[in-house]
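Engineer: the following block contains a protein sequence and its predicted model.
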Amino acid sequence: MEGDKKPPSPVAEKRLRVAVIGAGASGLTTIKQLKDDGILPICLEKEQDIGGVFYWAPHKNGVYDNTTLTISNALMSFSDFTEKQRYFMHHSEYLDYLRRYAKRYQLLDHVRFGATVIRVSHEEGRWTVEWKTKDNIQKEFFDAVAVCTGTHQIPRFPNIRGLETFNSVVHTVHYKNNKRFKGKKVLCIGLGESGADIVREISDIAEECVLGLRSLPCCFDRLQDGVHATDSFTTRSHHAIAPVFSFNARSMVGFESLFVRFYLIMLSLVMTLFACLVWPFRSLSGPPVAIDEFRQPLSKVKMRDLKTERKKPADALLASWRYFGGNNMLNPHKFLTKNSTFVNNVLDGKIRVNASGIQAVAGGWVRFGNGEVFRPDVIVCCTGYVDKFEFLDGVVVPHDDVRHLFKHAFHPKYSGRLAFIGWARPVSGGIPCCSEMVARYFASLLCGRCHLPSDVEAVILREKEMEERAVSGSPELRSVVPSVVSFMDGIAKELGCEFRAIEHWHSPLLLWKIWAGGLVASQYRLRGPHAAPKQARESILSKTVSMPSVFVLAFSWDYLVKGFYPSFTPFSVRVDTMQHWFVADKKYLFGYAKQETPALKEKMLTL
């Protein structure tokens, strides 16, 4: 396989030793990228198996029994170990994928299991790492350290007056299934992607289930059109319309000028117009699709998510939450909850929503912001996690906030010798593909092929401000990056593995799939260090372009116009906002106090 060809590494006389903390998805790909550059990785994993949060065990945090990933395998797979078909994996399938990846590249040879890291310090140009095993405490010295423990470690509890006095408060970090909640009155606080599953499962068997929210979430179906994964609509043509994503012709061609931008987009417009013409005849290209990307049989009943039928009232409910929350499908200002399996239970009365916020807990009663009260038996906090780097000794990450690091990964003080890999969480996209790109850059920094920018602190500040502006509705989620395309392209330019359209002028189908198709990490193996062009082309061409061509046409047109008028609000965003306004209904506010204002409408149109 082409990915196995290893050019001579720039590492000079001595072989660098790197401590990799954690053998989840981020840790495994870090081992792989270090090996590719002739660097010796030593991975310290506290459990007895690989997988991180995807390794199910009754004693640990991570996936619950019925976890199905919210992102398809296309963005959960690594660029050098892809699968042809796009589909959603059960957590056990993804763990199997990681095991096959580890076996294929002989990664387990570098993992020490049962090793819990307790201290990492830096002095005199080297790193000291201490860890405890079942029998003793050990210490070794390393040239660099990669922290790959991930974001799902320390539970975040909501700051609610009196919550600590309630006798039964649990966090979803300990949730495995709904059995303990049968016949009980349950208050679920928060609605992230796991929370959407958990509140639905609990409401199926609880006597009463109330969902407490302080704002309206931005929820999406995992099946955008009843067949294809929503993340297959995470395309370059879509992400190109927003200046906050910093997309430009350079990432497609290799250099930029007004002529190049005009040529590139006119080419896209011509290709898109052609695709619009052939769209009605797409069924002639092969047998009709019989299953959706959850592998559910297609029928007259259209599905919106896993085991969830599409109903018009549910469409109105989700659109109302997005509209009155100041978000839309093309321009969310919040982290996207890519899970709508709970919504039919709201309509059926199994889940009662109160979005006025929780004022206080006292005497076993919960008082909401709108004056309503509820006496639950159990409070379940679906409120996410906080980042704490408690084992770092003398190494300070300001406020434990990864936005103070270059690309959420590199401390500016240590010249790329300390990396936090797994803290780039795209609004739409997978952590593993971002972790792989960060790990490739880490290996390149260590072997001298790349260097941090000379103005790295200014770059960190600029990107931090951009991210906080783009996802202003989720200020507590510090690992979120607004665009997986922009994030991957930014590192790819540093590595020299960015996609350049000019090198593939003779392959219009490849250009079309990269412009209009869902992003796949294989795009970054077409060129650059450890390229595998044949394998990458096969992976890209095997994916279906599922976004309707008329959408791609609109995005291409908007990108062209923004080239001349950067402040122009894209036509596609205006249409999307108008669609939300048309179906939005205040009866779905469920106590949410904020009303429609001109400022809210303006926010939805502001990129």
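Structural biologist: Perfect, I can see it now. Numbering: from 1, shown residues only.

Engineer: now the helix or strand hosting I42: average pLDDT?
Structural biologist: Assigned by DSSP states H and E, I42 falls within strand 40-45. If you average the pLDDT over strand 40-45, you get 98.

Engineer: CA atoms of that strand as CSV?
Structural biologist: The C-alpha trace of strand 40-45 is given here as CSV (Å, rounded to 0.1, in the frame of the first residue of the first chain):
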residue,chain,number,x,y,z
LEU,A,40,9.8,6.2,18.9
PRO,A,41,6.3,6.6,20.5
ILE,A,42,5.7,5.1,24.0
CYS,A,43,2.0,5.2,24.8
LEU,A,44,0.7,5.1,28.4
GLU,A,45,-2.8,3.9,28.7
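
Engineer: now what about the helix or strand following that strand, what contacts it?
Structural biologist: As assigned by DSSP H and E, the chain's next helix or strand after strand 40-45 is helix 73-76. The contact list for helix 73-76 (C-beta atoms under 8 Å, 6 or more residues apart in numbering) reads 25, 69, 82-83, 86-89, 94, 97, 229, 231-232, 234, 429-430, 432-433, 484, 518-521, 543. Using the backbone N, CA and C atoms, a C-beta is placed for each residue, glycine as well.

Engineer: repeat that for stretch 46-64.
Structural biologist: With contacts defined as C-beta under 8 Å, 6+ apart, stretch 46-64 is touched by 22-28, 65, 91-92, 94-95, 98-99, 102, 108, 111, 113-117, 150, 152-153, 172-177, 194, 197-198.

Engineer: quick check: L98 vs D135, distance?
Structural biologist: To D135, L98 is 28 Å away according to C-beta to C-beta, to the nearest Å.

Engineer: more neighbours: those two, which one.
Structural biologist: Using other C-beta atoms under 10 Å, the more surrounded residue of L98 and D135 is L98, with 26 against 7.

Engineer: now the phi/psi pair for that one, please.
Structural biologist: Phi and psi for L98, reported as degrees, to the nearest 10, are phi -60, psi -40.

Engineer: cool, L28 as well?
Structural biologist: phi -70, psi -40.

Engineer: counting neighbours, what do you get for it?
Structural biologist: So L28, with other C-beta under 10 Å, has 32 neighbours.

Engineer: confirm for me that it is in contact with Y101.
Structural biologist: Yes. If you go by C-beta atoms under 8 Å, L28 and Y101 touch, sitting 6.3 Å apart.

Engineer: overlap in contacts of these two?
Structural biologist: Listed as contacting both L28 and Y101 by C-beta under 8 Å, 6+ apart are L107.

Engineer: where does the chain dip in pLDDT?
Structural biologist: Applying pLDDT under 70 to the chain picks out residues 1-13, 241-269, 271-272, 274-276, 278-288, 563-564, 566, 594-607.

Engineer: ok, the residue of it most remote from its centre to V373 distance?
Structural biologist: Distance from the C-alpha centroid of the chain peaks at G363, with 39.6 Å (C-alpha atoms, centre = their mean). From G363 across to V373, the span is 10 Å (C-beta to C-beta).

Engineer: over to D49?
Structural biologist: 46 Å.

Engineer: of the two, who's got more company?
Structural biologist: In terms of neighbours (other C-beta under 10 Å), D49 is the more surrounded of D49 and V373; the figures are 16 against 10.
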